[in-house]
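S.K.: Model the structure of this input:
(one chain, ligands or ions: 2)
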Amino acid sequence: MRIDLHAHSTASDGTDTPAELVATATAAGLDVLALTDHDTTAGWADAVDALPVGLRLIRGAEFSCVAPDGRGGDVSVHLLGYLFDPASEAIIAEQVRLRDERRVRLRAMAARMAADGYPVDPDEVLASLPPEASAGRPHLARALVSAGVVGNVDEAFRRFLNGDGSYYTGRADTDVHAAIRMVRAAGGVAILAHPAARRRGPVIDTSVIADLAAEGLAGVEVDHPDHSDGDRAALREIAAALDLLVTGSSDYHGTNKPVALGQETTAPEVLERIEELAASSRVAALTG
Ligand SMILES: [Zn+2]
Ligand SMILES: [Zn+2]
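M.R.: Ligands and ions are numbered 1, 2, ... in the order given. As a prediction, the model looks like this:
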């Protein structure tokens, strides 16, 4: 049985629609695929509707979080949540908070640029967003393109909006402890995504994983394309010491990244354990 527990569709930053993604999964010889778009469950329904015979879909999401880095600072981490109820109050409240927060942040960046004389109107940038849209830097980048400040979105990021750019304003992502509680309260299972993916920036100190395990983290994604053999060995040891599950997944993004669906996989008994945990977590959530 071939199981890939981490993939993105066009509901976030993948290039396959949810329907294309499940077809790709079948073509890749997978038996089980988890759809884990960033901070949204919007792709679930289309993936279910298009589900080919013989493929099982595990509903999930990848939450953007902030964690203590174990060295006195903070670091951005991703938390995979599986089999949670998307209608849970905890999940919805946090999504509303993040959506509002992203709008505040976008306005702050636009206002700082306007104050420096760039022809952007924070109110107009905000007004141009669809009501339910997750506001982000690409929206401001497109406004800068329209205003003729830059030639394209890439240039807007390079000159102004990247993490080290002068107008960058940090995000208030979900505290990872709160995110673990939120996933569990919604009847789901929390797995720390690619904890050693250094190419993406600083990573969490492994000492912090013990605190997350105490909070209810169920496992760590060990086999991930961004992890070296050394990372995998070290993470496997930590997982064994903390009695955490070990997952493997491709983190497929379609043509946005050169990884193939099913390139990394999860053992069937681990998936079984995740499903058992979700079932017991659901009972706990129901009984409060
Ligand atoms: Zn990630
Ligand atoms: Zn991902």
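
S.K.: Spell out which parts of the stretch 51-200 of the chain neighbour ligand 1.
M.R.: Taking CB under 5 Å from the ion, the part of the stretch 51-200 of the chain that reaches ligand 1 is made up of 78, 193. Where you see a C-beta, it was placed from the backbone N, CA and C, and this is true even at glycine.

S.K.: from the stretch 51-200 of the chain, which residue is nearest to ligand 1?
M.R.: When scored by CB to the ion, the stretch 51-200 of the chain has residue 78 as its residue closest to ligand 1, at 3.5 Å.

S.K.: Spit out the contact partners of that residue.
M.R.: Contact criterion CB atoms under 8 Å, 6 or more residues apart in numbering gives 62-65, 192-194 as the residues in contact with residue 78.

S.K.: pretty sure it is in a strand, no?
M.R.: Yes: counting by DSSP: H, G, I helix; E, B strand; the rest coil, residue 78 falls inside a strand.

S.K.: in the sheet, who's paired with it?
M.R.: Taking DSSP bridges, one obtains residue 64 as the residues bridged to residue 78.

S.K.: which residues of the stretch 151-288 of the chain score low on pLDDT?
M.R.: When residues are selected by pLDDT under 70, those of the stretch 151-288 of the chain lie in 285-286, 288.

S.K.: At which residues are the strands of it located?
M.R.: With strands called from DSSP state E, counting those that start in this stretch, the stretch 151-288 of the chain shows them at 174-175, 189-192, 219-223, 245-248.

S.K.: Kindly compare burial across those strands and name the winner.
M.R.: Neighbour counts (mean count of other CB atoms under 10 Å) averaged over each of the strands of the stretch 151-288 of the chain peak at strand 189-192, with a mean of 28.

S.K.: Starting from that strand, tell me which strands it pairs with and how they run.
M.R.: Pairing partners of strand 189-192, with direction, according to DSSP bridges: strand 74-82 (antiparallel), strand 219-223 (parallel).

S.K.: Format these as a markdown table; extra columns: distance to residue 275.
M.R.: What follows is the strands paired with strand 189-192, written out as a markdown table (distance: least, CB to CB, whole Å):
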| stretch | distance to residue 275 |
| --- | --- |
| strand 74-82 | 9 |
| strand 219-223 | 13 |
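
S.K.: Can you tell me which of those is nearest to ligand 2?
M.R.: strand 74-82 (6.3 Å).

S.K.: quick check: mean pLDDT across the closest one?
M.R.: Throughout strand 74-82, pLDDT has a mean value of 94.

S.K.: now swap in stretch 136-149 and tell me
M.R.: Computed over stretch 136-149, the mean pLDDT rounds to 90.

S.K.: in it, what counts as buried?
M.R.: When burial is assessed from 16 or more other CB atoms under 10 Å, stretch 136-149 yields the following buried residues: 137, 139-145, 149.

S.K.: Pull the contacting residues for the nearest residue to residue 153 once chain neighbours are set aside.
M.R.: Using CB to CB, 6 or more residues apart in numbering and skipping residues adjacent in sequence, the residue nearest residue 153 is residue 141, 4.3 Å away. With contacts defined as CB under 8 Å, 6+ apart, residue 141 is in contact with 150, 153, 156-157, 161.

S.K.: Pick the one among these closest to residue 98.
M.R.: Nearest to residue 98 among those: residue 161, at 18.7 Å, using CB to CB.

S.K.: Compute the number of surrounding residues for the closest one.
M.R.: By the measure other CB atoms under 10 Å, the count of residues near residue 161 is 23.
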